[in-house]
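Asks: Build me a model:
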Amino acid sequence: METTPSVPEILSTFPEWIAVNKPAGVHTVSQADSDGPSVEAWLRANDPRVASLNEAGLCHRLDLWTSGCLAVALTPDAHTRLREAFSQAGSRVRKVYLALATTGLPEEGRFRLHFESRYKRSAKVSVRQGTNAWTDGRCHWQVKRRGINGHDLVQVELIGPGHRHQIRAGLSFLGHPLAGDSLYGGANRAGCQGPALHAWKLAIDTEEAEAPIPAAWGH
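Replies: Numbering: from 1, shown residues only. Alright, predicted model coming up:
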């Protein structure tokens, strides 16, 4: 069933970690300059297994308006191991996203681009062609459905650990920004208060979780 949760929810439980569904508009970790809701605060209040862990066991982060799967370690040792796995290229981790991108992408494709911060505290990242081991970002995409109010539903798999705004900036560089992503030239769309990006599937080794597609996308 496709839902849009207003608070985080546990999707799957594994021996060393749990998968949590983060709603769009909720921070991953608590913010020093904001009392807005966060997955970290929700975990500390609702799951005693992780309440005392650093960042409540969260192993990685999603942007404020990105919804979907987050991995939460259940022990300090697992937290250290899984955070390391998320930071390594060719690691044990597989991340698959769904995006509403401006229509017209080929049915399937890949990109390999440079992703670099413009300057300290810049909201955007700069994208250019070429290869560099430190700034290299790769994705593989497949169009799953076309013509959703001027946007296509696109499955995007990150190859390697990923960079900040890699999917958003990369698809915009190709001429297909995400719905609701005004930072990278995307058009406004009903049901999208921010970039239409969803962390759909998350796998660590053979353990995989899946977060329902946001109902607000109206696909």
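Asks: Could I get the buried residue list for the helix ranked longest in the chain?
Replies: Looking only at the chain and at elements set by DSSP state H, the helix with the highest residue count is helix 76-87. Using 16 or more other CB atoms under 10 Å as the test for burial, helix 76-87 gives 78-79, 81-83, 85-86. (C-beta placed from N, C-alpha, C; glycine too.)
Asks: That one - what's its average pLDDT?
Replies: Taken as a whole, helix 76-87 has an average pLDDT of 95.
Asks: Buried ones in the next helix-or-strand element following it, by neighbour count?
Replies: Heading C-terminal from helix 76-87, the first helix or strand you meet, by DSSP states H and E, is strand 93-102. Across strand 93-102, burial judged by 16+ other CB under 10 Å covers 93, 95-102.
Asks: Stretch 210-219 now?
Replies: Buried, per 16+ other CB under 10 Å, within stretch 210-219: 210-214, 216-217, 219.
Asks: What segments of this protein are helices?
Replies: Along the chain, the stretches classed as helices by DSSP H are 39-46, 76-87, 166-173.
Asks: which strands and helices sit next to the first one?
Replies: Read it as helix 39-46. strand 17-22 (3 or more CB pairs under 8 Å, 6 or more residues apart in numbering; DSSP states H and E).
Asks: Show me what the strand it packs on is packed against.
Replies: strand 9-13, helix 39-46, strand 67-73, strand 197-204.
Asks: Deepest-packed of the ones you listed, please.
Replies: Ranked by mean neighbour count under mean count of other CB atoms under 10 Å, the helices and strands packed on strand 17-22 are led by strand 67-73, which reaches a mean of 27.
Asks: next one: phi and psi at the residue nearest to residue 76 when sequence neighbours are not counted?
Replies: In space, and not counting its chain neighbours, residue 76 is closest to residue 53: 6.3 Å by CB to CB, 6 or more residues apart in numbering. Phi and psi for residue 53, reported as degrees, to the nearest 10, are phi -80, psi 160.
Asks: dump the residue contacts of residue 53.
Replies: 73, 75-76, 79 (CB atoms under 8 Å, 6 or more residues apart in numbering).
Asks: which two from those residues end up farthest apart in space?
Replies: 73 and 76 (7.9 Å; CB to CB).
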